[in-house]
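S.K.: I would like the atomic coordinates for the input below:
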Amino acid sequence: MSLSLVPVPVTTADRAACPVSDLLARVGDKWSLLVLTLVAERPYGFNELDRSVHDLSRRILTRTLRNLERDGLISREVRPGKAAGVEYAATGLGRSLLDLVVPLGRWVLEHEETIEAARSRYDKASSTRRAVSTLD
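M.R.: Numbering: from 1, shown residues only. Prediction:
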């Protein structure tokens, strides 16, 4: 007996309704995991995050923080007084996600050379196939 996590065929409605795909799209974007990792180490203010990640525009940082907060992965606390500002920190939910993602990152680093070798083989074979097909 086989237990499949994915219905076949996979419809557009299936993909749209899948909470796993939705969250993976969020954490698989260019900046979310990086920002989540930083605020899991310690709380950061907005400007501090802005200075900490090169090539991340303030507009995209704002959007990333809002999305992470919306998903419950980070918290946002307004600091009153002379040092007024906003501070972001990972929530328990965000930390539990990192508990799953960090081993994946370690796996990638452990297999980096093997993956690069496979890519090189594929790219070489693919370019050969393209060259042959243009001769036809």
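S.K.: in the chain, mark out all the helices, start to finish.
M.R.: 12-17, 19-27, 32-41, 46-52, 58-70, 92-110, 112-135 (DSSP state H).
S.K.: now the ones you listed in TSV, with mean pLDDT and mean neighbour count?
M.R.: Where you see a C-beta, it was placed from the backbone N, CA and C, and this is true even at glycine. Listed next are the helices of the chain as TSV, based on pLDDT from 0 to 100; neighbours: other C-beta atoms under 10 Å:
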stretch	mean pLDDT	mean neighbour count
helix 12-17	85	10
helix 19-27	84	12
helix 32-41	97	19
helix 46-52	96	14
helix 58-70	97	16
helix 92-110	95	12
helix 112-135	85	10
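S.K.: nearest to Leu5, of those?
M.R.: helix 19-27 (8.6 Å; C-beta to C-beta).
S.K.: for that closest one, packing partners?
M.R.: Other elements packing on helix 19-27 under the criterion 3 or more C-beta pairs under 8 Å, 6 or more residues apart in numbering; DSSP states H and E are helix 32-41.
S.K.: and the helix it packs on, how far from the chain's centre?
M.R.: Helix 32-41 sits 10 Å away from the centroid of its parent chain (C-alpha atoms, centre = their mean, to the nearest Å).
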